[in-house]
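Student: Fold the following and give me the result.
(2 chains)
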Amino acid sequence: MSQEKLVDHLFRHQYGKMVAILTRIFGLTHLQMVEDAVQDTFILAVQKWKMNPPENPEAWLTAAAKNRMIDLLRKIKADQTRLDNLVTGPSAMVLNDLFLDHEIEDSQLRMIFTACHPTLKPIEQIAFALKTISGFSTKEIASALLQKEETIKKRLSRARKSIKENDIKFSLPEKKDIPLRMKRVLEVIYLIFNEGFHSGQKEYLVRKELCGEALRLCKMILKKTNFRSGAGYALFGLMCLHTARLESKTNERNEIVDLENQDRSTWFRPLIILGDNALTKSFGYDDISTFQIEAAIASVHLNAPTFEATDWETILKHYKNLNQFHATPFTRLHLAIVHLQLQQNDEAYDLLQKIKPASLEQRSYLYFGAMADYYKTIQKKDKALDCYQKALASVNNDAEKKFLLKKIDQLTK
Amino acid sequence: MKDFMMIFLGPSYEELGLSPEQMQERMGKWFAWSEKMGRAGYLKGGNALVPVSKRVTGPDRVVSDGPFVEAKEMIGGYYIVSAESADAVVKIAEDFPDYDLDGAVEIREVIVFEQ
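Tutor: Numbering: from 1, shown residues only, chains lettered A, B, ... in the order given. Have a look, this model is predicted:
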């Protein structure tokens, strides 16, 4: 067999599938055992394959997981420990059925709802989802989220503990609970996406991985009719549209390139089309979401042939909409930036003045950046410089820092 | 043509705690390597070994459980290859995928006893 036959991320995705199936059999209380077992299966596979590559790696891994399941069942029987949900013992045939494609999908959805359970904190949800569904190692999660490995380990163990303490069941929500539970699921997916999209991570690949995972999770949900919603489609569309320009966000020197200067020829057309289609689909549902309005805004940007040709009027309309639907300091900030683009300087200033930089937390530099742009436009160079300095003082990310330094440099020339 | 044993030394993947993605990356490299050797007609066979080991020693046949060597000296598996000379096998060994994981290849010629 050749290298090409190993589908991208096969191991990672297969890991998520196996953990989901085995958790469905053994219950969330045995999650740790399940994860160890799956890891062992992979080690075994790798050892065997080194000398003797299989014809169909995916089938081999699935068969190995099945064997592993039987081993574990035997072991548990031998240990005389009882499994709560196996006491009545589903027959071997039922267990075999769990390895069918649609049942695997079902198990994975249960895992998504587990990861996004409201009793877990958002930061735990992200780490847990990346570990159990996406098959990242703690080290990989740490590197993707720019955190210490120890921190991630703590988050994961807190998540596991809280699942046990709250006796969370490995199940799908009841029909009446779906909208509320789904809202959290979509939020967590978007958080994962944003970690990738806004990350200061040097490696483009790491960022792409997170964005790719968020898209994959969202797609899993949209596959099931019960779980479809306007917000789900809108989120999928939004992420497609953003991802289409991911590569152009930084240049080869790892410097940030703003929307104005991005090389639009590198924007990935198929993803733009996919995003627009998903956005259109979202309008077929009754629910309105911030995702939908944000996707509509992204779509205007992504479909503009040049920065100058951007339809700012439409964007302004969407931002006003967003501000009405769900106002945050960020939506006000963006609205102000759009006003600046339209040379509506007074409106922009009016909005900016009402924002407290502290309310933007670690992104307060965006506020100072916008303020600087305003002063630059009205020819108040000193005040603009002052704002850039403030922005610089509140930014953590190296690429953002360089970007601001460049702006200061241009202004002082 | 002579037969050689290529013995692979190094820590097990289990010990290194490789992630699924990393394991897959390794796998790809091993596939490429063995395929290349197979195409060139070098490869005659081989096996991977379980890291758990036992040792029987002395007149009393005392059995002890491993490990007996440091992780990087552990034998993880071997290939039997057929080549012109030890130098030719050294050339083959250049593509061994696990040098970056502290791995090593030991090359030993198989003795052929004349009838």
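Student: ok, how many other residues are close to A:Ser157?
Tutor: Residues lying near A:Ser157 (other Cβ atoms under 10 Å in any protein chain shown) number 12. Just so you know, the C-beta spots here come from the backbone N, C-alpha and C atoms, and that holds for glycine as well.
Student: could you pull out the strands for chain B?
Tutor: Using DSSP state E, the strands of chain B run over B:2-9, B:43-48, B:54-57, B:62-65, B:75-83, B:104-109.
Student: With respect to chain A, which of those lies nearest?
Tutor: strand B:43-48 (4.3 Å; Cβ to the nearest Cβ).
Student: Note down every partner strand of that closest one and its orientation.
Tutor: The pairing partners recorded for strand B:43-48 under DSSP bridges are strand B:75-83 (antiparallel).
Student: buried stuff in the partner strand?
Tutor: Neighbour counts using 16 or more other Cβ atoms under 10 Å in any protein chain shown place B:Gly76, B:Gly77, B:Tyr78, B:Tyr79, B:Val81, B:Ala83 of strand B:75-83 among the buried residues.
Student: Pipe those into TSV and attach pLDDT per row.
Tutor: Compiled in TSV, the buried residues of strand B:75-83 are given as follows (pLDDT from 0 to 100):
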residue	pLDDT
B:Gly76	90
B:Gly77	91
B:Tyr78	93
B:Tyr79	92
B:Val81	94
B:Ala83	93
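Student: Neighbours of the residue nearest to B:Val63 when sequence neighbours are not counted, how many?
Tutor: Sequence neighbours aside, B:Val56 is the residue nearest to B:Val63 in space, at 5.4 Å (criterion: Cβ to Cβ, 6 or more residues apart in numbering or on different chains). By other Cβ under 10 Å, 9 other residues sit near B:Val56.
Student: Now do the phi/psi pair for A:Lys224.
Tutor: phi -100, psi 120 (degrees, to the nearest 10).
Student: Quick check, it in contact with A:Ile112.
Tutor: No: taking contacts as Cβ atoms under 8 Å, A:Lys224 lies outside contact range of A:Ile112: 10.6 Å.
Student: More neighbours: which of those two?
Tutor: Using other Cβ under 10 Å, the more surrounded residue of A:Lys224 and A:Ile112 is A:Ile112, with 26 against 14.
Student: Following element in sequence after whichever strand or helix holds the more buried one, please.
Tutor: Element membership for A:Ile112 (DSSP states H and E) is helix A:101-115. Using DSSP H and E, the helix or strand that follows helix A:101-115 towards the C-terminus is helix A:122-132.
Student: when you scan that following helix, is anything in it near chain B?
Tutor: No: using Cβ under 8 Å from any Cβ of the partner chain, helix A:122-132 stays clear of chain B, coming no nearer than 10.0 Å.
Student: Show me which residues of that helix are buried.
Tutor: Neighbour counts using 16+ other Cβ under 10 Å place A:Ile123, A:Glu124, A:Gln125, A:Ile126, A:Ala127, A:Phe128, A:Ala129, A:Leu130, A:Lys131, A:Thr132 of helix A:122-132 among the buried residues.
Student: which bits of chain B sit near chain A?
Tutor: Residues of chain B found near chain A (Cβ under 8 Å from any Cβ) are B:12-14, B:17-24, B:26-28, B:30-32, B:34-35, B:46-48, B:50, B:76-77, B:79.
Student: What subset of those is buried?
Tutor: Neighbour-count burial (16+ other Cβ under 10 Å) is assigned, among those, to B:12-13, B:18-24, B:26-28, B:30-31, B:34, B:46, B:48, B:76-77, B:79.
Student: which residues touch the closest residue to B:Tyr79 other than its chain neighbours?
Tutor: Among residues not flanking B:Tyr79 along the chain, B:Gly46 sits closest, at 3.8 Å (Cβ to Cβ, 6+ apart). Counting by Cβ atoms under 8 Å, 6 or more residues apart in numbering or on different chains, B:Gly46 makes contact with A:Met51, B:Met6, B:Gly77, B:Tyr78, B:Tyr79, B:Ile80.
Student: Against chain B, how distant is the first one?
Tutor: From A:Met51 over to chain B the distance is 5 Å, taken as Cβ to the nearest Cβ, to the nearest Å.
Student: if we can go back for a sec, and the buried residues of helix A:122-132, which is closest to A:Leu259?
Tutor: Distance ranking of these against A:Leu259, using Cβ to Cβ, places A:Ile126 first at 26.5 Å.
Student: so the closest one makes contact with A:Ile192?
Tutor: Yes: between A:Ile126 and A:Ile192 a contact is recorded at 5.7 Å, counting by Cβ under 8 Å.
Student: For burial, what's the neighbour tally of the nearest residue to B:Ile80 once chain neighbours are set aside?
Tutor: Closest residue to B:Ile80 apart from its sequence neighbours, by Cβ to Cβ, 6+ apart: B:Lys44 at 4.5 Å. Residues contacting B:Lys44 under the criterion other Cβ under 10 Å number 12.
Student: what's the distance between the one helix or strand in chain B whose mean pLDDT sits lowest and the middle of its chain?
Tutor: When each helix and strand of chain B is scored by mean pLDDT, DSSP states H and E, helix B:13-16 comes last, with a mean of 83. Taking the mean of its C-alpha atoms, helix B:13-16 sits 16 Å from the chain's own mean (Cα atoms, centre = their mean, to the nearest Å).
Student: Which residues does that helix contact?
Tutor: For helix B:13-16, the external contacting residues (Cβ under 8 Å, 6+ apart) are A:Asp40, A:Ile43, A:Val46, A:Gln47, B:Met23, B:Arg26, B:Pro51, B:Ala71, B:Leu101.
Student: Among the residues you listed, name the buried ones.
Tutor: A:Ile43, A:Val46, A:Gln47, B:Met23, B:Arg26, B:Pro51, B:Leu101.
Student: what residues are up against the last one?
Tutor: In other words, B:Leu101. So B:Leu101 contacts B:Gly10, B:Pro11, B:Leu16 (Cβ under 8 Å, 6+ apart).
Student: Cool, thanks, talk later.
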